[in-house]
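Asks: How does the following fold in three dimensions:
(one chain, ligands or ions: 2)
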Amino acid sequence: MKFPGQRKHKHFFPIEARNPLLSELLPQNKPVPGHICGIDQVMVDIEAHVPDDFLARHGLSKGHSMVLEPARAQAIYDELLAGRLIVSEFAGGTIGNTLHNYSVLADDRSVLFGVMNEQIRVGTSAYRYLCNTSSRVDLNYLQPVTGSIGQCITLISADGERSFAINKGMMDRLAPAYLDKEQIQSASALVITAYLMRCDTDEPMQDTALQAVTWAREAGVPVVLTMGTKFIVEDRREWWQQFIRDYVTVVAMNEDEALALTGISEPLRACERVLEWADLVLCTAGPIGLYLAGYVDEAHRRETGRELLPGTIPEFNRYEYSRPMRRADCRQARKIYTHIAPYMGGPERIKNTNGAGDGALAALLHDMAANGYHRQNVPGSAKHRAPHLSYSSLSQVSKYANRVSFEVLVQHSPRLSRGLPEREDSLEETYWAR
Ligand SMILES: Nc1ncnc2c1ncn2[C@@H]1O[C@H](COP(=O)(O)OP(=O)(O)OP(=O)(O)O)[C@@H](O)[C@H]1O
Ligand SMILES: O=c1[nH]cnc2c1ncn2[C@@H]1O[C@H](CO)[C@@H](O)[C@H]1O
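Replies: Ligands and ions are numbered 1, 2, ... in the order given. Next up, the predicted model:
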């Protein structure tokens, strides 16, 4: 496990360095490995650049993800192919992307639950998927199926916005029998997406997801839910609110999904509302940057060194230097918030925004997993006097998440091809020194 930022104090990693003092604290010399788990509708992104009237002509809604009848998806694909508009076919899926990015950033193992073609031929979508997935993503648990994984036709508009048209194939056929309870219950987090719940009634994906979150909850493993698209949430707002109350520790969403979930358009107020149901909230807001909101016990709160920010919750960032905790672990819980504007004001040129939110979530997961890893390996550390959810403060995590989003925006694919540059390990320094 690579740590999310350089630490200048006594908690410095890597512990593999076998500091003799640290090793006294360790029952064994080999560090206990960590991992995270995720469930996805395994799919490839087939990317094409199109004018807005292409979307209108095919009845697609800009910025969203729609599952189409196979014949309709095929018609779009054929038109793109005939017009030589397809620029790439690359592994996708919101959780697949998040696990891949986590593994690249953390140099750590992640486990993907999903389906995969039983037989793979060179050049097919399944082949592309495997080629573009980090070797640190464990694919040994995939369920073999006869039929294709999903295809997500990713249509990029002139302004960089992306719209998805999905030919689902076998992506929702993942059965509960192909989950691994031991892997889930020993993970630092289980990541799922709201997309999993839009399978057809005769498909097992929803039941599979419910089984996994039940096991995670039972073992105290944080359940992380990314909202997918506002349409899924809008249709069943109360259902989602109850689902979050019952199972979810961390909610990740953009401002549209936040509005659909809470009825509140202002991201900070929406985060405040979601904190009534979950413990930690990541809300990305495109060019506005991103918000993180959580809880800390009064006894562990830390005041910011930055200027206090105005907003719908005045001085909302006052305790942003605190490390977030579960509400139930606080004796006197206080809500804490942070906001960060896009890294370096945003890229000069955005290649496309696809996966920028997934990138931010991967960074947050990295910091959470680093905390679990540190706790397991150095249980006596002062860092773990209280049960925090992350290794770093809310403020530090937001900088990291933002930095990773930036990296996704300036490249072509939602999947990072490499980790962040080493020299930036101290985000604090480079962040302000342009
Ligand atoms: N136009 C932009 N200018 C500057 N930064 C941006 C822009 N769009 C996105 N970002 C950065 O990327 C982060 C995530 O973006 P966004 O809110 O678009 O994610 P998203 O809608 O969840 O994306 P996806 O669902 O494709 O993963 C933002 O918090 C911000 O830091
Ligand atoms: O229905 C879906 N299920 C899972 N992933 C999806 C779905 N629609 C789009 N994406 C994925 O979201 C990523 C960007 O966040 C894209 O890479 C796309 O593959």
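Asks: Enumerate the residues of the stretch 51-200 of the chain near ligand 2.
Replies: S65, G92, G93, T94, N97, C152, F164, I166, T193, Y195 (Cβ under 6 Å from any ligand atom). For the C-beta atoms, the positions are set from N, CA and C on the backbone; glycine is no exception.
Asks: change it to 5 Å
Replies: S65, G92, G93, T94, C152, F164, Y195 (Cβ under 5 Å from any ligand atom).
Asks: ok, now which ones touch the residue in the stretch 201-350 of the chain that ligand 2 sits nearest to?
Replies: Across the stretch 201-350 of the chain, the shortest distance to ligand 2 (Cβ to the nearest ligand atom) belongs to G228, at 6.4 Å. Taking Cβ atoms under 8 Å, 6 or more residues apart in numbering, we find G228 in contact with S65, T94, T193, A194, Y195, E257.
Asks: Quick check: residues of this protein near ligand 1?
Replies: Within the chain, the positions adjacent to ligand 1 are 254, 284, 286-287, 289-290, 342, 346, 353-358, 402, 405 by Cβ under 5 Å from any ligand atom.
Asks: now, which of the residues you listed lie within helices?
Replies: Among the residues of the chain next to ligand 1, the ones falling in helices (DSSP state H) are A356, G357, D358, N402, S405.
Asks: now, which of these sits nearest ligand 1?
Replies: Of all these, G357 has the smallest distance to ligand 1: 2.1 Å, by Cβ to the nearest ligand atom.
Asks: so how far is S125 from the residue nearest to that closest one when sequence neighbours are not counted?
Replies: Leaving out its chain neighbours, the residue that sits closest to G357 by Cβ to Cβ, 6 or more residues apart in numbering is T284, at 4.7 Å. Distance of T284 to S125, given as Cβ to Cβ, to the nearest Å: 28 Å.
Asks: ok, now R236?
Replies: Relative to S125, R236 is positioned 30 Å away (Cβ to Cβ).
Asks: what about these two, which has more around it?
Replies: S125 (23 against 14; other Cβ atoms under 10 Å).
Asks: Name the strands paired with the helix or strand V111 falls within and say parallel or antiparallel.
Replies: Using DSSP states H and E, V111 sits within strand 109-113. Using DSSP bridges, strand 109-113 pairs in its sheet with strand 35-39 (parallel), strand 137-138 (parallel).
Asks: roughly how far apart are E79 and I46?
Replies: As judged by Cβ to Cβ, E79 and I46 stand 12 Å apart.
Asks: What segments of the stretch 201-350 of the chain are helices?
Replies: 205-218, 230-235, 237-247, 255-262, 267-274 (DSSP state H, counting those that start in this stretch).
Asks: Could I have the CA atoms of stretch 66-82 written out in PDB?
Replies: Output of stretch 66-82 as PDB, limited to C-alpha atoms (Å, rounded to 0.1, in the frame of the first residue of the first chain):
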ATOM      1  CA  MET A  66     -29.800   5.100 -20.600                       C
ATOM      2  CA  VAL A  67     -30.200   1.400 -21.000                       C
ATOM      3  CA  LEU A  68     -31.500   0.800 -24.600                       C
ATOM      4  CA  GLU A  69     -33.200  -2.100 -26.400                       C
ATOM      5  CA  PRO A  70     -30.400  -4.100 -28.100                       C
ATOM      6  CA  ALA A  71     -31.800  -3.100 -31.600                       C
ATOM      7  CA  ARG A  72     -31.700   0.600 -30.700                       C
ATOM      8  CA  ALA A  73     -28.200   0.400 -29.300                       C
ATOM      9  CA  GLN A  74     -27.100  -1.500 -32.400                       C
ATOM     10  CA  ALA A  75     -28.500   1.100 -34.700                       C
ATOM     11  CA  ILE A  76     -26.500   3.800 -32.900                       C
ATOM     12  CA  TYR A  77     -23.400   1.600 -33.000                       C
ATOM     13  CA  ASP A  78     -23.800   1.000 -36.800                       C
ATOM     14  CA  GLU A  79     -24.300   4.700 -37.500                       C
ATOM     15  CA  LEU A  80     -21.100   5.500 -35.600                       C
ATOM     16  CA  LEU A  81     -19.200   2.800 -37.300                       C
ATOM     17  CA  ALA A  82     -20.400   3.800 -40.800                       C
END
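Asks: what ranges do the helices span in the stretch 51-200 of the chain?
Replies: Taking DSSP H, counting those that start in this stretch, the helices of the stretch 51-200 of the chain run over residues 52-57, 70-82, 94-106, 125-131, 181-185.
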